[in-house]
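Participant: Build me a structure from this.
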Amino acid sequence: MCGIFAYINFGVPTHQKAVIEKLLNGLRRLEYRGYDSAGIAVDDGPTVHELKQVVMKATGKIDQLAEVVATNATLHPELCFENHCGIGHTRWATHGPPAVHNSHPHTSDPTNEFLVVHNGIITNHQALKEMLQRHGYVFQSETDTEVIPKLTKYLYDKFHSRVTFRQLVMEVLRQLQGAFALLFKSSHYPGELVAAKRGSPLLMGIVEQDTGSTHAVLTSEGFRTSKEPNESDQSSSAKRQKVKSHIEFYFASDASAMVEHTKRVLHLEDDDVATYKTAGGYGIYRMERIPSTGIESPVSYEPTVQSAEVERAVETLAMEVEQIMKGNFDHFMQKEIHEQPDAMTQGMRGRMVLSACGQVVERVFLGGMVNFVSTIRRSRRIILCGCGTSYHSAIAVRQLMEELTELPVTLELASDVLDRQCPFFRDDTCIFISQSGETADTLKAMQYAKERGALCVGIVNTVGSAISRGTDCGVHINAGAEIGVASTKAYTCQIVAMVLLALVLSEDSISRAPRRREIMQGLAALPAAVRTALELDGQMLELAKTLRDEQSLLLFGRGYNYATALEAALKVKEVALLHSEGILAGEMKHGPLALVDESMPLIVVATKDSSYRKQESVVQQLKARGGRLILIASEDDVEIAATAGSAATIVRVPVVSDCLQAVVNIVPLQLLSYHLTVLRGHNVDQPRNLAKSVTVE
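Facilitator: Presented below is the predicted three-dimensional model:
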């Protein structure tokens, strides 16, 4: 959803125009998260000794913000900073419509004493706002975020010089309820920046001018490398001298915004507060809430938050810059659809153990699950939990997981878990599925399950995400960066990852060994089958031309392909903005049949599996009522064409194992949704009102 980006340089001379360009480019890398306005804040003045904080904001795309910056005649683009902190933000409207006054950065007052950018939601903002209004503060926006800089100024006026910038921010955080990733900048603490995280994602990147092959650890005293001895017996003052004289930092909501600058990042944990100071020192602190006497509110003037010094290991990103570029494709969604064969191969690499001849898959190995497989096998039940596309991938795998494990498998929409207070137990295994690993509803459901003692397993794409760190074990789907808001390759790779998991869980069963061998061989052949399905691109373009002016579309699936119908309908409504509905074919006579007439386009997934005869009956009934039939059929099936009649459109797909057919069947429907979107003139990669990473409930 909202995106945060910041750039800090120390001892690295950087012109103002270069700082602004870095901020704008960083925000462009976050465009896929979804946004409707953007803003940046930098220092400006005739000299570096006469600086003030300048905020520039605009509604619309980053190009509109760049235009606002370019037409700002008061800026001094050639001003050179030895030390500077610049912050930027893309806003996805939650509180208040898209408007300049609602955009970030938000300010404490007309002189911009305190500036804040925020990703998340503050649930107690109304109470804080009313308190601040009673003290004379005037609010300019309708957002929940504006209370944060004004509360910061209010507390600063109370504490004044008694607190450092970090301590002041921690006092502010003590008053906030909800989820947030925050960056603070202040004219009272020039050159300093404070970052804080609770719930929403926030990463910190490091660029050293004299980096070698050293491994780094951040501590509250500064930066220590593997080339320096760990002198634990030294005094704190001696430790604090180990700071870099030439260093740059980046803060971002997502690794894609900083991979072109550095691959050395650390993920902030919940309740972490990172601080950067003008002397080149920086550190990570863990917030500890100390109960205070009296009323816990902003009127409690004495600082009551203490902090513990913590270390965070610096990780190396596996992502490449090419992954966040379109290459030879017109849109990210198109690129990601065509990347699916390679993404699946990457997801299975090292996990499929081949025979000596290299042709037969003998077993599946998941390193992240080794110590937990026996526990899962003894579970009372398996619960698959996700939102949107991730939930559909769970539907696609449920039948196979029940078949192989012989355990009851239930499905839960993450947003419904807390609403219903689902009964989770200690002998349950809960599998949480999320592309980003930061989905707010899925995170809340995971925390709910952990509190009840359930074993939590993560199926995620983003390494180091909140779900991957918070679960007991899990599987990374290794699909690579997915930039388009409409998920494509993550969906198919999630199915593949969960099929691998089901195979591992059933490895101890002799009776199911033939079925397992069939599925494993099917997995090995799956990328080639998907590559063949991608050759239907031209046919799907022609089909899209016949559907571009339609107002509604119905899709029917059954068994493994009920998920295909749901996912295809979601893709069409997400990006093509065409009403579509995925329907379980067995429910056709219980209402949906009333919608069928000569003008209604109907897509029926009728590939050969255990539900084939029932789907054939569905086709006959829809044909009898004059429906416009479009069939997804197996390439060797001649019977279904005769059943559907000459007026029907037949899309033929390669045949694979029945439990994997949903992976192949969705590919032409993804292509259809893409072409429909282009033909209807809509934004493919950033659909209206939608965000890639849903980090608020």
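Participant: those strands in the stretch 501-650 of the chain, which residues are they?
Facilitator: Taking DSSP state E, counting those that start in this stretch, the strands of the stretch 501-650 of the chain run over residues 552-557, 579-584, 601-605, 628-634, 649-653.
Participant: and the first one with strand 601-605, angle?
Facilitator: Same thing as strand 552-557. Angle of strand 552-557 versus strand 601-605, following axes from the mean of the first three to the mean of the last three CA atoms, to 10 degrees, is 20 degrees.
Participant: so what does strand 552-557 touch, helix or strand wise?
Facilitator: Here strand 552-557 touches helix 562-575, strand 579-584, strand 601-605, helix 612-624, going by 3 or more CB pairs under 8 Å, 6 or more residues apart in numbering; DSSP states H and E. C-betas here are computed from N, CA, C, even on glycine.
Participant: thinking again about what came up before, let's have the strands of the stretch 501-650 of the chain in a markdown table, adding mean pLDDT.
Facilitator: Formatted as a markdown table, those follow (pLDDT from 0 to 100):
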| stretch | mean pLDDT |
| --- | --- |
| strand 552-557 | 94 |
| strand 579-584 | 94 |
| strand 601-605 | 93 |
| strand 628-634 | 93 |
| strand 649-653 | 94 |
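Participant: Distance to Q359 added to those, as CSV?
Facilitator: As requested, the strands of the stretch 501-650 of the chain are exported to CSV (distance: least, CB to CB, whole Å):
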stretch, distance to Q359
strand 552-557, 33
strand 579-584, 38
strand 601-605, 31
strand 628-634, 25
strand 649-653, 24
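Participant: winner for burial among those strands?
Facilitator: strand 601-605 (a mean of 27; mean count of other CB atoms under 10 Å).
Participant: how about the most centrally placed residue in the chain, secondary structure?
Facilitator: Nearest to the mean C-alpha position of the chain, by CA atoms, centre = their mean, lies S436 at 2.9 Å. What DSSP: H, G, I helix; E, B strand; the rest coil gives for S436 is coil.
Participant: pLDDT score for it?
Facilitator: pLDDT for S436: 87.
Participant: likewise S237?
Facilitator: If you check S237, the pLDDT there is 41.
Participant: likewise P201?
Facilitator: So, for P201, pLDDT stands at 85.
Participant: Same question for R162.
Facilitator: At R162, pLDDT is 76.
Participant: do you know how far it is from Y189?
Facilitator: Applying CB to CB, to the nearest Å, the value for R162 to Y189 is 14 Å.
Participant: So for the two, which residue has more residues nearby?
Facilitator: Set side by side, R162 and Y189 show more neighbours around Y189, with 21 against 11, by other CB atoms under 10 Å.
Participant: so the more buried one makes contact with F165?
Facilitator: Yes - Y189 lies in contact with F165 (CB atoms under 8 Å); the separation is 4.1 Å.
Participant: where does H95 fall, helix, sheet strand or coil?
Facilitator: When the rule is three-state DSSP, H95 gets the label coil.
Participant: That one: neighbouring residues, count only.
Facilitator: Neighbour count of H95, defined by other CB under 10 Å: 15.
Participant: again, but for M325
Facilitator: 14.
Participant: quick one, phi/psi of it?
Facilitator: Torsion angles at M325 (phi, psi; degrees, to the nearest 10) stand at phi -110, psi 150.
Participant: and the gap between it and A481?
Facilitator: To A481, M325 is 10 Å away according to CB to CB.
Participant: what residue ranges in this protein score low on pLDDT?
Facilitator: 1, 209-245, 278-281, 288-308, 319-323, 358, 691-697 (pLDDT under 70).
Participant: top helix in this protein by residue count?
Facilitator: Identified as the longest helix of the chain according to DSSP state H is helix 513-533.
Participant: Check whether F424 really touches I383, as I assumed.
Facilitator: Yes - the pair F424 / I383 is scored as a contact, 7.2 Å apart, by CB under 8 Å.
Participant: Between the two, which contacts overlap?
Facilitator: Among the neighbours of F424, those also in contact with I383 (CB atoms under 8 Å, 6 or more residues apart in numbering) are C430, A449, A454.
Participant: Look at the nearest residue to S415 once chain neighbours are set aside and tell me its secondary structure.
Facilitator: The shortest distance from S415 to any residue other than its chain neighbours is 4.2 Å, reached at D441 (CB to CB, 6 or more residues apart in numbering). Assigned with three-state DSSP, D441 falls in the helix class.
Participant: D441: neighbouring residues, count only.
Facilitator: Residue crowding around D441 was assessed by other CB under 10 Å; the count is 23.
Participant: For the stretch 151-300 of the chain, which segments count as strands?
Facilitator: Under DSSP E, counting those that start in this stretch, the stretch 151-300 of the chain gives strands at 178-186, 193-198, 203-208, 216-219, 222-225, 247-252, 264-267, 272-276, 282-289.
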